[in-house]
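Student: one predicted model, sequence on top.
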Amino acid sequence: MAAKALVALFDGTEMMFSRRITLRERGFRREPASPRRTVIALLGLQSLAESGQRQPFDLACIENAVFRDSRWVKGIGDLGVLVQFAAEYSPERFVSLAHDFDFATALENFPDGCEARTTSLSCFLAGISHVKLSCPDSLPDLTDAAVNTYRLLEDNQGAGGIFAHAGFPGLLQQPLSNRFGTIADQMHAIYALVTFARAFDIEEPLADALNCANAVRALQGDRGQWWYLYDKRSSQVVNCYPVCSIYQNGMAPMALLALAQATGQRFDEAIHRGLSWVSGANELGVDLCDWQHGIIWDSIEPRSRITNFCEQALNLVQSSGKAHEENLRIRFEARPDHFGWLLYALTRFDAKAITAKAASAG
């Protein structure tokens, strides 16, 4: 289903995937190509191909299009996903990346590094760690960059395990970003910490990853929802919606299966419930896998942004977070990074039993 959805997102002129498609009355509206989201789609498609499954794309041509011009790399997050792909599937590409980018100063040279944004730090740390795992003799030595990134990421984590969206070290002050973090921040951080621990053979990051994973698992919704926004101080959910399919069957399985593989602690039930949410065990009772259009829809969200804002404000003082079902709707959009992470997670890790259980429940 994910591979089929990527066909709808493919821009044959650019040889990359569109940033997003949205279903309108007259069909799909396609946005311009996104190199970053194309790289993530490539990660998934290469993993799918390695698992022995067929996929409908010329992956070499898409890879050439992504690496033809690196000016789209505007942050350490962009650089991190590009480095991860190069390390895992095209090591010779890393040589040119090492020539084009100064990894030793990347944290200071890119704005998301200076702001210590959790998702960006995590993507960068995961990329560096994959270089260590796949290309241990590569130059330059990325140990110092990895350790510095890990320390910044560690500073963003609260005592209860939740990561804030950003650290803003030094004179920069952004109180909301310092306090609240999205589900993307949590799952990217877990995956990066596990990969860093594997690459550099250290156990301390695994404790941080388990602390976060156990915190968000305890807060998972009764229908398997991975909620949207968390409070680092209280380790509570402060805003539930949107609940996004990319986390339900993509990034959460990726992070938690990697953590289970590294530590032996299982998250099967939580992953299964998240997958089942997409398959119809959700608030609206609707299967988000639309077989007619060949798409897995983006999310369930509040009908009104004003409603969402008001609920978010109320949640800060009363920690509620539940929305009435009549105020919710499906977001009829799709993004290639969703399907990339889904394919990467569910073909790379030992997820057959979990996906079979979720399919039978759905």
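Tutor: Noted; the coordinates are in hand.
Student: any idea of the mean pLDDT in the helix or strand encompassing Ile128?
Tutor: Using DSSP states H and E, Ile128 falls within helix 118-134. Averaging pLDDT along helix 118-134 gives 97.
Student: Val237: which element?
Tutor: Going by DSSP H and E, Val237 is part of strand 236-239.
Student: the closest residue to Ala98 other than its chain neighbours and Thr118, how far apart?
Tutor: Distances taken as CB to CB, 6 or more residues apart in numbering place Pro140 nearest to Ala98, at 6.0 Å, with adjacent residues excluded. All C-beta atoms are positioned from the backbone trio N, CA, C, and that covers glycine. From Pro140 across to Thr118, the span is 25 Å (CB to CB, to the nearest Å).
Student: got a list of contacts for the helix or strand just after the helix holding Ile128?
Tutor: Moving toward the C-terminus from helix 118-134, the next helix or strand (DSSP H and E) is helix 143-155. Counting by CB atoms under 8 Å, 6 or more residues apart in numbering, helix 143-155 makes contact with 76, 103-104, 106-107, 116, 118, 121-122, 124-125, 128-129, 132, 163, 167, 169, 189, 192-193, 196, 199-200, 205, 208, all of which sit outside it.
Student: follow-up on the earlier one: how far away is the residue nearest to Ala98 from Thr182?
Tutor: Using CB to CB, we find Pro140 at a distance of 32 Å from Thr182.
Student: so the two - more neighbours on which side?
Tutor: Thr182 (20 against 12; other CB atoms under 10 Å).
Student: specify the local secondary structure of Gln265.
Tutor: coil (DSSP: H, G, I helix; E, B strand; the rest coil).
Student: to clarify, my last question referred to Leu23.
Tutor: Look at Leu23: counting by three-state DSSP, its state is strand.
Student: dump the residue contacts of the residue nearest to it when sequence neighbours are not counted.
Tutor: Distance criterion CB to CB, 6+ apart; nearest residue to Leu23, sequence neighbours excluded, is Phe332 at 4.0 Å. Phe332 sits next to 22-23, 297-298 when contact means CB under 8 Å, 6+ apart.
Student: ok, Ala104 - contacts?
Tutor: Shown in contact with Ala104 (CB under 8 Å, 6+ apart): 140, 144-145.
Student: closest to Gln157 among those?
Tutor: Taking CB to CB as the measure, Gln157 lies nearest Ala145 of the contacts of Ala104, at 19.5 Å.
Student: one step back: which neighbours does the strand holding Val237 have in its sheet, and in what orientation?
Tutor: strand 229-231 (antiparallel) (DSSP bridges).
Student: quick check: buried residues in the strand it pairs with?
Tutor: 229-231 (16 or more other CB atoms under 10 Å).
Student: what do you get for stretch 289-302?
Tutor: Judged by neighbour count (16+ other CB under 10 Å), stretch 289-302 contains these buried residues: 289-290, 293-302.
Student: just flag the most distant two among these.
Tutor: The distance between the two most remote of these (CB to CB) is 26.7 Å, for Gly294 and Pro302.
Student: just checking, what packs against the helix or strand containing Leu107?
Tutor: Applying DSSP H and E as the criterion places Leu107 in helix 106-109. For helix 106-109, the contact count by 3 or more CB pairs under 8 Å, 6 or more residues apart in numbering; DSSP states H and E identifies helix 76-89, helix 111-114, helix 143-155 as packing neighbours.
Student: tabulate the ones you listed (CSV), appending distance to Gly44, mean pLDDT and mean neighbour count.
Tutor: Putting the helices and strands packed on helix 106-109 into CSV (distance: least, CB to CB, whole Å; pLDDT from 0 to 100; neighbours: other CB atoms under 10 Å) gives the following:
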stretch, distance to Gly44, mean pLDDT, mean neighbour count
helix 76-89, 10, 97, 25
helix 111-114, 23, 96, 18
helix 143-155, 24, 97, 19
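Student: quick check: Asn109 vs Arg93, distance?
Tutor: Taking CB to CB, one finds Asn109 at 20 Å from Arg93.
Student: that's a strand at Ile300, yeah?
Tutor: Yes: Ile300 sits within a strand when classified using three-state DSSP.
Student: noted, bye for now.
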